[in-house]
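Visitor: just a sequence and a predicted model for now, questions to come.
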Amino acid sequence: MNNKVTRNLYLFPYALWIVLFVVAPLLLVLYYSFFDIEGHFSLVNYKTFFTAVYLKMTLSSFWYAFLITIISLIIAYPTAYLLTKTKHKQLWLLLIIVPSWINLLLKAYAFLGIFGTKGIANSFLEAIGIGSKQILFTDFSFVFVSVYIFIPFMILPIFNALNELNPTLLDAANDLGASKWITFRRVIFPLTIDGVKAGCQVVFIPALSLFMLTRLIAGNRVITLGTAIEQQFLVTQDWGMGSTIAVFLILIMFLIISLTGNRKRGV
């Protein structure tokens, strides 16, 4: 009895935190989504969301988030695999993670200088004879910077999954005559799929709601759901429409988590 009371006392601050800073904001967003720009109760925001403009924006958000996630995965998986084979793997992993501690805004402004007309990237292109190009304010620059920012979060769960892999399984596959590709396809990748799922979640979900990079790096050429929410709240002052977009964004995030979540398989 005492243990149960003690456990409940320990759980109370956590439950209070969840209610105040998770449940209450979600309910507040849902509440505002039912009001139009004039403050009248209405379903017009939900009707507006299912128009061609917002549906196209949703598909665009999915496409860029998918592209950022796939490129991050293609780079992160072999990087994480090589890290597990290095002598000082924890040190190398730390060096990869350290950039994620830097403020996102500072990194974005750094790339403004790197990809600018007189930046390092164009200086290199001129040095090899290609000439100066418009790199900044393009889809390429947006995807490149996004991948750079998110890639440590993709590497970490995959590294942990690979690092915990039982080496005797690889030895067994080798003894049975499996090639390196077969060993990877039939042993390594299936046993590290949970790390891949976790990495894809951590990258895909935030990539759906990017808004600052779309302004600074893409020059508003890329419009995502996050950009639309920012514009509705800060520019047009239509909190109802901004809340409606946020509601659908939250539902999409929960759907992605449920689809890519780890399910316990029966023994």
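Guide: Thanks, I have the structure now. Residues are numbered from 1 along each chain as shown.
Visitor: what's residue 35 sitting at in phi/psi?
Guide: Backbone torsions for residue 35, taken as degrees, to the nearest 10, come to phi -120, psi 140.
Visitor: list the buried ones in the helix or strand where residue 112 lies?
Guide: Using DSSP states H and E, the element containing residue 112 is helix 104-114. The neighbour-count check on helix 104-114 (16 or more other CB atoms under 10 Å) flags 107, 108, 111, 114 as buried. From N, CA and C alone the C-beta is placed, and that goes for glycine too.
Visitor: from these, pick the one nearest residue 196.
Guide: Taking CB to CB as the measure, residue 196 lies nearest residue 107 of the buried residues of helix 104-114, at 25.0 Å.
Visitor: contact partners for the closest one?
Guide: 99, 145, 148, 149 (CB atoms under 8 Å, 6 or more residues apart in numbering).
Visitor: determine which two of those are furthest apart.
Guide: Distance extremes for the contacts of residue 107: the farthest pair is 99 and 145 at 12.0 Å, using CB to CB.
Visitor: which phi and psi does the residue positioned nearest the centre of the chain have?
Guide: By CA atoms, centre = their mean, the chain has its centre lying nearest to residue 203, at 2.3 Å. Here is the backbone geometry of residue 203 (degrees, to the nearest 10): phi -90, psi -50.
Visitor: how about the contacts made by it?
Guide: Counting by CB under 8 Å, 6+ apart, residue 203 makes contact with 68, 69, 72, 73, 150, 153, 154.
Visitor: so of those, which ones are in helices?
Guide: Using DSSP state H, the members of those that fall in helices are 68, 69, 72, 73, 150, 153, 154.
Visitor: I'd say the last one and residue 198 touch.
Guide: The reference is to residue 154. No: using CB atoms under 8 Å as the test, residue 154 is too far from residue 198 to be in contact (9.1 Å).
Visitor: who has more neighbours, those two?
Guide: The neighbour comparison of residue 154 against residue 198 (other CB atoms under 10 Å) goes to residue 154, with 30 against 20.
Visitor: pLDDT weak spots in the protein?
Guide: Low-confidence segments of the chain (pLDDT under 70): 1-2, 262-267.
Visitor: any idea how far residue 207 lies from residue 84?
Guide: Between residue 207 and residue 84 the computed distance is 26 Å (CB to CB, to the nearest Å).
Visitor: who has more neighbours, those two?
Guide: Neighbour count, other CB under 10 Å: between residue 207 and residue 84, residue 207 has more, with 25 against 16.
Visitor: so what's that one up against?
Guide: 64, 65, 68, 69, 146, 150.
Visitor: now residue 73
Guide: Residue 73 sits next to 154, 196, 199, 200, 203 when contact means CB under 8 Å, 6+ apart.
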